[in-house]
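Enquirer: Provide a 3D model corresponding to the input given below.
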Amino acid sequence: MARGHCETAFALAAQQDGVELTRARVPWLNQRGHFGLPEQASPAVAAMRAIFEALGGIEWEMAGKRMTALPGDFVHLETGVYVEVDESQHFTSFRLVTLNLYPETTPLGFDLPEYKRLCQQLAPRSDRYRRDKPAVGFGPGGRQRQRAYNDALRDLMTPAMGYAPVIRVAAPDGDGVTAYVSVRTRLRAATGIA
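Expert: Sure, this is the predicted structure:
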């Protein structure tokens, strides 16, 4: 399956159902992660710092990155509802580490126990995906840790910035249409579309 196919199919299914989604890119979610956040997000910085350390992040590399906006999957512009479609590469042992470090009071737009279960189930295969690819801030073989960190950054910072929790939808099979159907009712309610 071509890269981005799942997200494209998800967005098309949403559009055909009356939910207009745009690619997400906001300056407060940027390449520096918790080192580049505005003051408003400060309540969630301690959790992100703990996650960064647990993933073996390299502070000087991360802090030295540009303030370039971190691209995300989608946002519903009228309501500010963010949506992330997670294919199999998101369900790794590193992602499980991040999920286990979420503060209990963090509002989430997905089923945390289900995401943990999917990480446990899919990690043996997903941990092999791009395992040798380096990532600035996470060193050699750091791409998976970077992805887990960035997912956590979106989950924790979005509500800290005053937005609704990120709606995450699991699509480990890469089927964007089925993923949309699974989250349709919740997404339509969150965006005010009856």
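
Enquirer: dump the residue contacts of the closest residue in space to residue 8 that isn't next to it in sequence.
Expert: Nearest-residue entry for residue 8: residue 176, 6.7 Å, with adjacent residues in sequence omitted and distances by CB to CB, 6 or more residues apart in numbering. (Glycine included, C-beta is placed from N, CA and C.) Residue 176 sits next to 5-13, 85 when contact means CB atoms under 8 Å, 6 or more residues apart in numbering.

Enquirer: Which members of these come out as buried by neighbour count?
Expert: Taking 16 or more other CB atoms under 10 Å as the criterion, what is buried in these is 6-7, 9-11, 13, 85.

Enquirer: can I get those residues in TSV with secondary structure and distance to residue 70?
Expert: Below are these laid out as TSV (DSSP: H, G, I helix; E, B strand; the rest coil; distance: CB to CB, whole Å):
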residue	secondary structure	distance to residue 70
6	helix	19
7	helix	15
9	helix	23
10	helix	19
11	helix	19
13	helix	25
85	strand	16
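
Enquirer: Would you state the helices of the protein in chain order?
Expert: With DSSP state H, the ranges of helices along the chain come out as 5-16, 45-54, 59-63, 93-100, 112-126, 143-160, 176-190.

Enquirer: just checking, what packs against the longest one?
Expert: Counting contacts by 3 or more CB pairs under 8 Å, 6 or more residues apart in numbering; DSSP states H and E, helix 143-160 packs against helix 45-54, strand 81-86, helix 93-100.

Enquirer: One more pass at 6 Å, please.
Expert: Using 3 or more CB pairs under 6 Å, 6 or more residues apart in numbering; DSSP states H and E as the contact criterion, the elements in contact with helix 143-160 are helix 93-100.

Enquirer: So what touches the helix it packs on?
Expert: Contacts to helix 93-100, defined as CB atoms under 6 Å, 6 or more residues apart in numbering, come from residues 51, 54, 115-116, 119, 123, 127, 144-145, 148, 152.
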